[in-house]
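Asker: With the input below, show me the fold.
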Amino acid sequence: MLSPEALRLVTMEVLRPHAAVVAKTGFPTVAQGRVYDSQEIPLQAIDPDRAYTPVIALYSGDASITPRGEASDFTDVDHRAVLDIVVELAIRATDDSGDFADAMADNDPQARLVLSALCSKVRFLLERSAKGANWRKLTKRVVSCEAMPFAVPDLGLRFQRITLRYTVELSADVYDLDNGGLPEPLRSVAASLPAGSYAKVKLAELAGYFQAETPEALEEIAGTVNLPGAEQIEAGWSIGA
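Answerer: Sure, this is the predicted structure:
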């Protein structure tokens with residue numbers, strides 16, 4: 001299931017555009033370039049001069065392919081996937097092992113507004129903005145989007161962290177056996193990404209796993225014809241003859 005991975009990579013380009021990375025300005029959210037692919041927030045990302053640092057991390061979740069009906073073949077399927085977008089206001093925390101990055105645990109109404117606004121901006125960029133066009137090419141339909149707060153009620157802790165859990169319906173992969181490379185619609189999406197962008201480089205790496213595989217040509221059809229009141233007749237046809 002390659003489409004869920006591609007969806008996460010394309011999300012990276014939407015939230016951290018390559019042009020902004022090169023220019024070091026023009027990022028679409030207050031997280032700036034602090035958008036991370038399948039990894040925790042590094043300690044060096046924390047701005048020591050601020051009370052908290054907005055950051056985003058992306059993770060691929062569950063994925064499934066199911067036939068649309070009992071009579072459906074393997075090309076007629078529903079393809080669903082989960083994309084987790086972890087949005088938080090990070091701080092430098094300390095325990096017995098030393099310093100580490102963690103979500104702010106203070107009850108700060110103003111910080112909560114900043115966090116909610118960042119979550120809303122992420123949704124806008126993916127679902128509505130021109131920057132999210134490639135994201136929407138891969139996503140046939142948003143089944144649900146849950147905003148999941150992080151808290152430890154027994155300890156009275158409410159962290160400034162929200163996970164946006166997208167459950168989406170994706171287009172099924174269409175493979176090019178003769179030429180290899182990425183299946184559609186991933187191939188078209190990858191071609192439209194900026195040269196040198198994180199998503200384009202990673203998708204190009206994935207394309208290397210799909211080699212051309214030309215099936216053997218059908219040259220002859222042979223069989224036996226049963227005619228009433230007559231002997232069996234063996235017949236054969238050569239393709240192109």
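
Asker: So what are the sheet partners of the strand of greatest length in the chain and their directions?
Answerer: Longest strand in the chain by number of residues (criterion: DSSP state E): strand 77-95. For strand 77-95, the paired strands and their directions (DSSP bridges) are strand 53-67 (antiparallel), strand 98-103 (antiparallel), strand 157-170 (antiparallel).

Asker: Relative to residue 110, which of the ones you listed is closest?
Answerer: For the strands paired with strand 77-95, the distance to residue 110 is smallest for strand 157-170, at 10.6 Å, taking C-beta to C-beta. In short, each C-beta sits where N, CA and C put it, glycine included.

Asker: any idea how far the closest one is from the chain center?
Answerer: A distance of 14 Å separates the centroid of the chain from that of strand 157-170, by C-alpha atoms, centre = their mean, to the nearest Å.

Asker: So what touches the next helix or strand after that strand?
Answerer: Tracing the chain past strand 157-170, the next element assigned as helix or strand by DSSP states H and E is helix 186-192. Surrounding helix 186-192, the residues in contact under the criterion C-beta atoms under 8 Å, 6 or more residues apart in numbering are 2-3, 6, 10, 134, 137-138, 173, 176, 181-182, 199-200, 203-204, 207.

Asker: which of those has the most neighbours?
Answerer: The residue in these with the most neighbours, by other C-beta atoms under 10 Å, is residue 10 (28 neighbours).

Asker: Next one: that residue from residue 25, what distance?
Answerer: Counting by C-beta to C-beta, to the nearest Å, the gap from residue 10 to residue 25 is 22 Å.

Asker: what's the answer for residue 199, then?
Answerer: Noted for residue 199: a distance of 20 Å to residue 25, by C-beta to C-beta.

Asker: Likewise for residue 51?
Answerer: 23 Å.

Asker: hey, which helix is longest across the protein?
Answerer: If you go by DSSP state H, the chain has its longest helix at helix 109-127.

Asker: and the helix or strand following that one, what other elements does it pack with?
Answerer: Elements were assigned by DSSP H and E; along the chain past helix 109-127, the next helix or strand is helix 133-138. Packed against helix 133-138, as judged by 3 or more C-beta pairs under 8 Å, 6 or more residues apart in numbering; DSSP states H and E, are the following elements: helix 3-15, helix 109-127, helix 186-192.

Asker: deepest of those helices, which one?
Answerer: helix 3-15 (a mean of 23; mean count of other C-beta atoms under 10 Å).

Asker: can you give me the angle that one makes with strand 77-95?
Answerer: Between the axes of helix 3-15 and strand 77-95, defined by axes from the mean of the first three to the mean of the last three C-alpha atoms, to 10 degrees, the angle is 60 degrees.

Asker: average model confidence for helix 3-15?
Answerer: Confidence over helix 3-15, taken as the mean pLDDT, stands at 92.

Asker: could I get it in CSV with only the CA atoms?
Answerer: The C-alpha atoms that make up helix 3-15 are tabulated as CSV, following Å, rounded to 0.1, in the frame of the first residue of the first chain:
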residue,chain,number,x,y,z
SER,A,3,-0.6,5.6,-1.5
PRO,A,4,-0.7,6.2,2.3
GLU,A,5,3.1,6.9,2.3
ALA,A,6,2.8,9.2,-0.6
LEU,A,7,-0.1,11.1,1.1
ARG,A,8,2.1,11.7,4.1
LEU,A,9,5.0,12.9,1.9
VAL,A,10,2.7,15.2,-0.1
THR,A,11,1.4,16.6,3.3
MET,A,12,5.0,17.5,4.1
GLU,A,13,5.3,19.6,0.9
VAL,A,14,2.0,21.4,1.7
LEU,A,15,3.0,22.2,5.3
